[in-house]
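Novice: No letters, just coordinates:
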């Protein structure tokens, strides 16, 4: 009998130990700060309050898990956009690579200015100029070939100032917000003015956002099975511009549900925030303000850098934000750490 | 000491009982037939084999959960499409409701034929005729108003022959396939030639498919905040036709990943099946053949009903299916039960 008692005692102790471990884990989970790279302040507080309000069953603002949607702009909201969007750098780089096969570009704008490295002229490029560049650098190949080009470029290209791969320049505080929202059963979408196929080439690896949850601008594709194996050929023609009002349209088109939370940083995000705010229940609208010249860049209200084609946090947007109660995130004050590589 | 021993023995017994219950549940799960409305045969076997091959870790064809995507056509694949698509019935019904405000329609095609109930003329409507009908019945309102109209119509309209709501006429065997795939971590998409906003009005309730996982045809929407609260106005202009080659394009555009399994029933699904088949690893391509005049309708190869604008399983499609090894589902032979209301 004695050895049975000992064995039973051992089982009971093991069960008790297991329970303690489980309870300990739960306790640690509850106490863990989900946003360690954020300084204490109204921005961090707003995120924590929003998540609490929408995910605790007892809350009057509770949202069912299937209706939890959050949308994030990319350039300037999730990663550095200054002095030029990564995708624009990709296009210019590719133009350089293609130039030997196109001697006519030496005398034709906008190509001429790009090949001459004329930054002054490039900063004045119109939308039509950029569309011409996109047409020759982003089309004339199939979707798989394009993704391979993007991946290849990202693997070697270095961003100015930081001399690091572009995909290193993602904002650690925003990665934490995305992760936290996902843990709370939100579907986290990127809603970008940038190219949908471009962003999909790295979104899963960099942000944990699958291709299915990337909404962006796109060009026309054409089904081609002339070679036996079907491919989708990228045509030099705009299909959809996911920017400004297009962000609200894109959200309805691709997601079909209204987000409860939206994060942006420029006037191109204004309608996404308006569309988000117009829904019922708890709402969270936030704008990233680049006011940290030391650790990244300072532009927009109070910033030292001039307006470029790169999305700027305009004074008009600040007025809108104040009027609508949108929360402005100060990179300088709200973010303890900017990049994952910062210590 | 004795009472301690008794208590420990009790704890151990309780733990053992709990284990047995857990094991029993697991055992029942493993043995349960996930497709009870399917008769034994090559179609059922193909689905079971595909799921086993792609979800068991030891399989050489294993697919990681994040890459598990399956796409389903709707009309004729998930619910009855004969004698006319539900959405076409909705449009015709709405035309009748609007007619008193449009006396000019009495002398203008295609409206004249619809209002006269001329089925013969309607069966010959061109795509342009249908687009005119869609323009007046599906546009000129915002997205929320449109969804409300669809829901209202579905709540009262009855399908011919069965005299039941259209949403009753879903195929029980396909609901089982969708559920089974979801249980195995597949993301299950509807990829329909029908209107995306139309299908989203009921997809979650009827199929368990959220709006985010409905890919379909769409008209242009326009952001309008003139009234203070922003809305998306539906314009009488086609934006995207998700049919034929458009299904492969739509899959890439909206999902960004290639499906491993695709289900359709007409030539409009051919490119979706080709696109699915062109990927690596385990593949499952299936076509529903409507060969059951007793329980539903018989059309397509060997069927008694004439070709209508309703998607037909053409002889050419059957040739393609045979050539490519796509599996044809015989409603008559493969489905034990057709509708959820069948006993």
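Specialist: Perfect, I can see it now. What you are looking at is a predicted structure, and each value in this text was computed from that prediction instead of being measured. Residues are numbered from 1 along each chain as shown, chains lettered A, B, ... in the order given.
Novice: how about the host helix or strand of residue A:319: buried residues?
Specialist: Per DSSP states H and E, residue A:319 falls inside helix A:315-324. Residues A:317, A:318, A:320, A:321 are the ones in helix A:315-324 that count as buried (16 or more other C-beta atoms under 10 Å in any protein chain shown). Every residue, glycine included, has its C-beta placed from N, CA and C.
Novice: Pull the residues that contact it.
Specialist: Outside helix A:315-324, the residues that touch it by C-beta atoms under 8 Å, 6 or more residues apart in numbering or on different chains are A:266-267, A:270, A:273-274, A:277, A:285, A:287, A:300-301, A:326-328.
Novice: Adding pLDDT, write those out as CSV.
Specialist: Below are these laid out as CSV (pLDDT from 0 to 100):
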residue, pLDDT
A:266, 94
A:267, 92
A:270, 96
A:273, 98
A:274, 98
A:277, 98
A:285, 98
A:287, 97
A:300, 81
A:301, 79
A:326, 98
A:327, 98
A:328, 97
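Novice: So which of these reach chain B?
Specialist: Restricting the contacts of helix A:315-324 to those touching chain B (C-beta under 8 Å from any C-beta of the partner chain) yields residue A:274.
Novice: Most neighbours among the contacts of helix A:315-324, which one is it?
Specialist: residue A:273 (28 neighbours; other C-beta atoms under 10 Å in any protein chain shown).
Novice: show me what contacts residue A:92?
Specialist: Residues counted as contacts of residue A:92 (C-beta under 8 Å, 6+ apart) are A:114, A:122, A:133.
Novice: Identify the residue with the minimum pLDDT among these.
Specialist: Lowest pLDDT within these is found at residue A:122 (87).
Novice: give me the number of residues near it?
Specialist: Residues within reach of residue A:122, counting by other C-beta under 10 Å, total 20.
Novice: What of the one 10 residues further on?
Specialist: Residue neighbour count, defined by other C-beta under 10 Å, stands at 17 for residue A:132.
Novice: So for chain A, which residue is the most central one in space?
Specialist: Chain A has residue A:74 as the residue nearest its centroid, 2.9 Å off, counting by C-alpha atoms, centre = their mean.
Novice: Can you pull the phi and psi angles for the nearest residue in space to that one that is not next to it in sequence?
Specialist: For residue A:74, ignoring the flanking residues on the chain, the nearest one in space by C-beta to C-beta, 6 or more residues apart in numbering or on different chains is residue A:192 at 4.1 Å. Dihedral angles of residue A:192 (phi, psi; degrees, to the nearest 10) stand at phi -120, psi 150.
Novice: Surely residue A:192 is in contact with residue A:73?
Specialist: Yes: Residue A:192 lies in contact with residue A:73 (C-beta atoms under 8 Å); the separation is 6.2 Å.
Novice: Please, where are all the strands along the stretch 51-200 of chain A?
Specialist: Secondary structure of the stretch 51-200 of chain A by DSSP state E, counting those that start in this stretch: the strands cover A:69-72, A:187-195.
Novice: For residue A:234, which non-adjacent residue is closest in space?
Specialist: residue A:139 (4.5 Å).
Novice: what do you get for residue A:179?
Specialist: Excluding the flanking residues, the one nearest residue A:179 by C-beta to C-beta, 6+ apart is residue A:208, at 7.1 Å.
Novice: Same question for residue A:334.
Specialist: Leaving out its chain neighbours, the residue that sits closest to residue A:334 by C-beta to C-beta, 6+ apart is residue A:43, at 4.4 Å.
Novice: got a list of what that neighbour touches?
Specialist: Counted by C-beta under 8 Å, 6+ apart, residue A:43 has contacts A:286, A:327, A:328, A:329, A:330, A:334.
Novice: let's see it at 7 Å
Specialist: By C-beta atoms under 7 Å, 6 or more residues apart in numbering or on different chains, residue A:43 lies in contact with A:286, A:327, A:329, A:334.
Novice: And for residue A:127?
Specialist: Contacts of residue A:127 by C-beta under 7 Å, 6+ apart: none found.
Novice: rewinding a little: would you mind listing the residues in contact with the residue nearest to residue A:234?
Specialist: Residue A:139 makes contact with A:219, A:234, A:235, A:236, according to C-beta under 7 Å, 6+ apart.
Novice: Just the buried residues out of the residues you listed, in ChimeraX syntax.
Specialist: What follows is the ChimeraX syntax for the buried subset of the contacts of residue A:139, where burial is set by 16+ other C-beta under 10 Å:
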select /A:219,234
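Novice: related to what we said a few turns ago, most neighbours per residue, which of the strands of the stretch 51-200 of chain A?
Specialist: Comparing the strands of the stretch 51-200 of chain A by mean neighbour count (mean count of other C-beta atoms under 10 Å in any protein chain shown), strand A:69-72 ranks first with a mean of 26.
Novice: in its sheet, what does that one sit against?
Specialist: strand A:187-195 (parallel), strand A:261-264 (parallel) (DSSP bridges).
Novice: what does that strand rub up against?
Specialist: In contact with strand A:69-72 (C-beta under 7 Å, 6+ apart) are residues A:78, A:178, A:181, A:186-191, A:251, A:255, A:257, A:259-263, A:272.
Novice: that older thread, JSON lines please, covering the strands of the stretch 51-200 of chain A and showing distance to residue A:240 and mean pLDDT.
Specialist: What follows is the strands of the stretch 51-200 of chain A, written out as JSON lines (distance: least, C-beta to C-beta, whole Å; pLDDT from 0 to 100):
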{"stretch": "strand A:69-72", "distance to residue A:240": "16", "mean pLDDT": "98"}
{"stretch": "strand A:187-195", "distance to residue A:240": "11", "mean pLDDT": "97"}
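Novice: Which pair of the contacts of residue A:139 spans the longest distance?
Specialist: The largest separation in the contacts of residue A:139, counting by C-beta to C-beta, is between A:234 and A:236 at 8.0 Å.
Novice: Give me the common contacts of these two.
Specialist: A:139, A:140.
Novice: Can you report how many residues neighbour the closest residue to residue A:164 other than its chain neighbours?
Specialist: Leaving aside its sequence neighbours, residue A:164 sits nearest to residue A:158 (C-beta to C-beta, 6+ apart; 6.3 Å). Residue A:158 sits with 12 neighbouring residues when counted by other C-beta under 10 Å.
Novice: is it true that residue A:158 touches residue A:167?
Specialist: No: Residue A:158 is beyond contact range of residue A:167, at 11.0 Å (criterion: C-beta atoms under 7 Å).
Novice: what's the closest non-adjacent residue to the closest residue to chain B within the stretch 101-250 of chain A?
Specialist: Relative to chain B, the nearest point of the stretch 101-250 of chain A is residue A:211 (2.9 Å; C-beta to the nearest C-beta). Nearest in space to residue A:211, with sequence neighbours left out and distances taken as C-beta to C-beta, 6+ apart, is residue B:256 at 2.9 Å.
Novice: Please apply the same query to residue A:79.
Specialist: Distances taken as C-beta to C-beta, 6+ apart place residue A:170 nearest to residue A:79, at 4.5 Å, with adjacent residues excluded.
Novice: Am I right that residue A:218 falls within a strand?
Specialist: Yes: per DSSP: H, G, I helix; E, B strand; the rest coil, residue A:218 lies within a strand segment.
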